[in-house]
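Asks: Sharing a model that was predicted from the sequence below.
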Amino acid sequence: MARKKKAEEQSGGASWLNTYADMVTLVLTFFVLLYSMSSIDVQKFSAMAQSMAMNFNLTGGTGILEGYTPVSDGDTREEPSGNQETLDELLQYMRETEQMRELQNEFNEMLAQNQLQDTVNVSLDERGLIIRFQDSILFTSGSADLLPQSYAVLNEVVAMLQGIRNHVRVEGHSDNIPINTARYPSNWELSTSRSTNVVRFLINNGLSSDRLSALGYAEFRPVVSNDTSEGRAKNRRVDIVIIRDSLARQEPGMME
């Protein structure tokens, strides 16, 4: 009986050790899982961000990862902190893109109702939503004075912009044909006057001036080649750019 009892004690001790070992293994696995969740694989993260940018038809790449150097296997450098901040920036980018998508659909519906699809285009890029007007719908050749027939569509734009709080930048562009008149000595003056006059119209019709800005790029930001008359016509344009909040906050002096 004594030998049998001793064997049972030894057997019970072995079972206890097995249970203890299982518990230690589970605890170790738990902490390894926590560590893996707290450390983002930058290469996988970058690939995911690029894939999402492609799905959103964006051309800006993965700007939130620019300047970030991944830590390769065997590298003894400390992994940079701020993974959560980077993830938050990506989530913010996704939310802003969804907002811009909704606006894009609204603008396209408005353009279709007014049969303006051939002269006004709405697209997305890394800056935000771009409402692109061919110059012929807004101005006569060589002039920065708004045509009366442009007022209706610009008022539609004003109505939609009043429903959002984003900063709005108006950009004037020309083709590469030089202009030299008393009023516009070069394409710089022409493109800047055109964007400024559009901004003035937006303000006069209800938009707050502190959320607007005007830029003139002359012929130096073409969207296509200027080698043909069709290409030059596309380059003569005014872009109304609805800026993403995350980008607007980066500009000097921009308030929340």
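Replies: Arrived safely. Residues are numbered from 1 along each chain as shown.
Asks: what about the nearest residue to Q99 once chain neighbours are set aside, neighbour count?
Replies: Spatially, and ignoring its direct neighbours in sequence, Q99 is nearest to I164 (7.9 Å; C-beta to C-beta, 6 or more residues apart in numbering). (Each C-beta comes from the backbone N, C-alpha and C, glycine too.) Neighbour count for I164, taken as other C-beta atoms under 10 Å: 16.
Asks: Tell me the helix or strand right after the lowest-mean-pLDDT helix or strand in the chain.
Replies: Using mean pLDDT, DSSP states H and E, the weakest-scoring helix or strand in the chain turns out to be helix 42-55, at a mean of 56. Using DSSP states H and E, the helix or strand that follows helix 42-55 in sequence is helix 83-113.
Asks: And that following helix, what's buried?
Replies: For helix 83-113, a neighbour-count test (16 or more other C-beta atoms under 10 Å) marks 83, 86, 89-90, 93, 96-97, 99-100, 103-104, 107, 110-111 as buried.
Asks: try stretch 197-211
Replies: Judged by neighbour count (16+ other C-beta under 10 Å), stretch 197-211 contains these buried residues: N197, V198, V199, F201, L202, L207, R211.
Asks: Could you list the residues in contact with it?
Replies: If you take C-beta atoms under 8 Å, 6 or more residues apart in numbering as the criterion, stretch 197-211 is touched by 138, 144-146, 151, 154-155, 157-158, 161-162, 165-168, 170, 172, 212-214, 238, 240, 255.
Asks: which ones among the residues you listed are found in helices?
Replies: L138, Y151, L154, N155, V157, V158, L161 (DSSP state H).
Asks: Output the below-cut-off pLDDT ranges for the chain.
Replies: Residues of the chain that meet the criterion pLDDT under 70 lie in 1-22, 24-84, 251-256.
Asks: what domains does the record give for the chain?
Replies: Domains of the chain are assigned by automatic domain parsing as 2-75, 92-248.
Asks: Phi and psi next, for L207.
Replies: phi -90, psi 140 (degrees, to the nearest 10).
Asks: What separation do you get for it and A214?
Replies: 12 Å (C-beta to C-beta, to the nearest Å).
Asks: Thank you, goodbye.
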